[in-house]
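>>> when you get a sec, could you give me coordinates for this:
(2 chains)
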There are 2 protein chains.
Amino acid sequence: MTIFEQRQQWLQNEMRKRGWSGFLVTHNVDIYYYCGSMQTGYLFIPTEGEAIYLVRRSLVRAEEEAAAAVEALGSWKTLGERLRARIGGDAAAGDPLRIATELDVLPVQLYMRLQTALPGAVWEDGSLLVREQRMIKSPDEVTAIREAARVADGALEAVIPHIREGMAEFELMALIEHQLRLRGHQGLMRMRAYNSELITGMVASGASAAVPTYFDGPAGGTGLHPSSPQSSGRALIKRGEPILVDIGCTIDGYLIDQTRTLVIGDLDPELQRAYDVAEEVLRATEARLQPGTIAEHLYLLALDQVQEAELSAHFMGYGADQVKFLGHGIGLEIDELPVLAKGFKYPLAPGMVIAIEPKFTFPGRGVVGVEDTYLITEDGYEKLTVSRDGIRRL
Amino acid sequence: MTIFEQRQQWLQNEMRKRGWSGFLVTHNVDIYYYCGSMQTGYLFIPTEGEAIYLVRRSLVRAEEEAAAAVEALGSWKTLGERLRARIGGDAAAGDPLRIATELDVLPVQLYMRLQTALPGAVWEDGSLLVREQRMIKSPDEVTAIREAARVADGALEAVIPHIREGMAEFELMALIEHQLRLRGHQGLMRMRAYNSELITGMVASGASAAVPTYFDGPAGGTGLHPSSPQSSGRALIKRGEPILVDIGCTIDGYLIDQTRTLVIGDLDPELQRAYDVAEEVLRATEARLQPGTIAEHLYLLALDQVQEAELSAHFMGYGADQVKFLGHGIGLEIDELPVLAKGFKYPLAPGMVIAIEPKFTFPGRGVVGVEDTYLITEDGYEKLTVSRDGIRRL
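I've put the predicted structure just below:
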């Protein structure tokens, strides 16, 4: 049985507990997760029986790739009866269907079309269940993330010798992206949340890194224009200011995320001290990275540590633009579970992959910090990111 | 009055005709279109009175950028009463509110939260209205698209001398992206449709360009992995096969789209002939690019021309994977109105910007074709793309 079929079985088991009839998977990333193909269409996983992938295009590629029976999507008019036929049993005899789908991402127009296609069906929100399943990575997923980490490190090392005073932020970002792509980065990094966008990461220097953004993360950046208001802009890199290189890449669908702070010359002592505290927070967090630790506790612990260091106002952004987390799950998307934030009660468990990113923002001066990505193991953790620790002085 | 306020006024006028109370703009691209800022939040445009931008983050940047009153989003519990207060008049006295939003992109979960926040409100689908308004570009939008065209051409010319036999497709794409980014490309190209993704364009060579994809376009590409199944893959560029370079970029939020066919040496006569027909289709289309021409007629005309040339089976993809259009509107997103396809009855009008892309797919051999982007003017058209016409022999 392939890993994709194992995932379908896990989901079927959970649906059985809930009394659901099946799951209509609509989101490209989730479709890939459950069947290994990302062609345009819908994957229907009935609670009993075999999954069917209804594909608009490309049918040929879906047939080559998918761990599911593949059929042409065909007319919407027949969609309802085809799904009912797949469920069979009592449902076919007239019981109301209870069908789950991903209401966190599904657009309303499409939802309404589905409601019309399946009159009388009760729709359940299956998005949290999918996100919780995806929180625990299988060995093949970890392999891809590990390879992505190697690629990110290779690109960073290739670019470092070319960083110089007077280089624009966007020139540095262009170099990094080029090196990532040459090493196999797929060229996009997926986010799940509505309106969320990510352009390789946050690469910015000095004051402009501390400019807040719409992006739900601790670092900012002016970006090139109000229509793309994050990350690298036209500011020139100067001696003695922190260069924040928060980058990721995608290999075989899976993301890595890491941050290193670079500087030409030396940081001023206040920023250097904040950087050192960021490393201490990361070390203290690592000491508790093991099965059973509650996700939110890691955030609360970091808050205490930062308050002790009298840096609370600068932690994870500044003032009203602070974000309220220390890290995030990562996999096919960058905003996965668990989030290390208040209200997230998940106990850490083997197979979770989490990016942890303590950072400090100083308006007008810059952002310093560090980020590594970790796999939770049976007895602790494995650091997946492989870039050299510590500030990089150029 | 800024262009953003003019857009709000146009929308208010249309809402008045429909008896709507206001428009809650939720999508980042639409928010930018109506107020010039893309921070995280909601832009509410009441039918009467002034727009208000309720911002989660960054409030500071929204205040600097937005052509609207800016307030902190604050608690969802007060959202309903704040929107009601903004509408004022009869609505405040208890009439049911009729509020439009973009149901083509809004996720169901968020829609349900809005329904709870505004009990009794009737929700209207305003997405088509927004897309129709955005179909007609203002001079500032055309300026950005023109600049994007200049950047795309500059990148193509910079890369052409480096193309050689044995280069992998993804290496060529990495070079192109690097040159685009150095010239100011914002690094992402937005699409509106659910699950749609675009990674700079479709750059592929020979047989692999003819591999169909999930992407709703005529060219394909293997991509690097089933989790990113489009555009450049690991195939090596060979002498005598068509290299399809279908690329775009984003400047000041606006996209350009263009395609050129390149070849090291010469194409075989059958592919060369198909390329020539693609150019003939484009010339025949240009001859009808003027106000009043119905969008779908251009597609139907092309179908006739292609049938005449006995190339119907190869037009815009092959067999079951053919797409059913000749071109598409382009602006802040690449999938804008009008579409040159059956059922699109829009008469062309000054200010429309349309990418037109006749292409022919030969399984096992490659894709040939051409694409330029045009502005419809008072008396015809202006070609916005500036790359040299014709096949490029290397």
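
>>> quickly find the element holding the residue nearest to A:Arg131 when sequence neighbours are not counted.
Distances taken as CB to CB, 6 or more residues apart in numbering or on different chains put A:Leu337 closest to A:Arg131, at 5.2 Å, once the chain neighbours are dropped. C-betas here are computed from N, CA, C, even on glycine. Element membership for A:Leu337 (DSSP states H and E) is strand A:336-340.

>>> now that strand: how far from the chain's centre is it?
Chain-centre distance of strand A:336-340: 9 Å, with CA atoms, centre = their mean, to the nearest Å.

>>> pretty sure the residue nearest to A:Arg131 is touching A:Gly343, no?
No: if you go by CB atoms under 8 Å, A:Leu337 and A:Gly343 don't touch, sitting 11.9 Å apart.

>>> between the two, tell me which one has more neighbours.
Per other CB atoms under 10 Å in any protein chain shown, whichever of A:Leu337 and A:Gly343 has more neighbours is A:Leu337, with 20 against 9.

>>> quick one: contacts for A:Glu5?
A:Ala67 (CB atoms under 8 Å, 6 or more residues apart in numbering or on different chains).

>>> lowest-confidence helix or strand of chain A?
For chain A, the helix or strand with the lowest mean confidence is helix A:89-92, at a mean of 54 (criterion: mean pLDDT, DSSP states H and E).

>>> who does the helix or strand just after that one pair up with?
Along the chain past helix A:89-92, the next helix or strand (assigned with DSSP H and E) turns out to be strand A:98-101. If you go by DSSP bridges, strand A:98-101 pairs up with strand A:22-25 (parallel), strand A:122-125 (parallel).

>>> got JSON lines for those, with mean neighbour count and distance to A:Ala210 too?
Below are these laid out as JSON lines (neighbours: other CB atoms under 10 Å in any protein chain shown; distance: least, CB to CB, whole Å):
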{"stretch": "strand A:22-25", "mean neighbour count": "26", "distance to A:Ala210": "41"}
{"stretch": "strand A:122-125", "mean neighbour count": "16", "distance to A:Ala210": "38"}
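
>>> what's the closest of those to A:Asp257?
With CB to CB as the criterion, A:Asp257 lies closest to strand A:22-25 of those, at 25.3 Å.

>>> give me phi/psi at the residue nearest the centre of chain A?
Closest residue to the average C-alpha location of chain A: A:Ile334 at 1.1 Å, with CA atoms, centre = their mean. Per-residue torsions, A:Ile334: phi -90, psi -10 (degrees, to the nearest 10).

>>> host element of A:Gly223?
Short version, using DSSP H and E: A:Gly223 is in no helix or strand.

>>> after the lengthiest helix in chain A comes which helix or strand?
The residue-count maximum for a helix in chain A (DSSP state H) belongs to helix A:139-159. For helix A:139-159, the succeeding helix or strand toward the C-terminus, using DSSP H and E, is helix A:169-182.

>>> helices and strands around that following helix, which ones?
Applying 3 or more CB pairs under 8 Å, 6 or more residues apart in numbering or on different chains; DSSP states H and E, we find helix A:169-182 packed against helix A:139-159, strand A:201-205, strand A:243-251, helix B:169-182.

>>> for A:Pro363, find the nearest of the strands paired with strand A:98-101.
strand A:122-125 (39.8 Å).

>>> quick one, the helix or strand just after the closest one and strand A:336-340 angle?
Following strand A:122-125 in sequence order, the next helix or strand is helix A:127-135 (DSSP H and E). If you take axes from the mean of the first three to the mean of the last three CA atoms, to 10 degrees, helix A:127-135 sits at 80 degrees to strand A:336-340.

>>> alpha carbons of helix A:127-135, as CSV, please.
Output in CSV follows, covering the C-alpha atoms of helix A:127-135 (Å, rounded to 0.1, in the frame of the first residue of the first chain):
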residue,chain,number,x,y,z
SER,A,127,-10.3,21.4,7.1
LEU,A,128,-9.0,21.1,10.7
LEU,A,129,-9.0,17.3,10.4
VAL,A,130,-6.8,17.5,7.3
ARG,A,131,-4.5,20.0,8.9
GLU,A,132,-4.2,17.8,11.9
GLN,A,133,-3.4,14.8,9.9
ARG,A,134,-0.8,16.7,7.9
MET,A,135,0.8,17.9,11.1
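
>>> report pLDDT for the residue nearest to the centre of chain A.
For A:Ile334, the pLDDT comes out at 98.

>>> can you check A:Met1 too?
For A:Met1, the predicted pLDDT is 90.

>>> what kind of secondary structure is the residue nearest to it when sequence neighbours are not counted in?
Leaving aside its chain neighbours, A:Met1 sits nearest to A:Gln9 (7.8 Å; criterion: CB to CB, 6+ apart). At A:Gln9 the chain is in helix, as set by DSSP: H, G, I helix; E, B strand; the rest coil.
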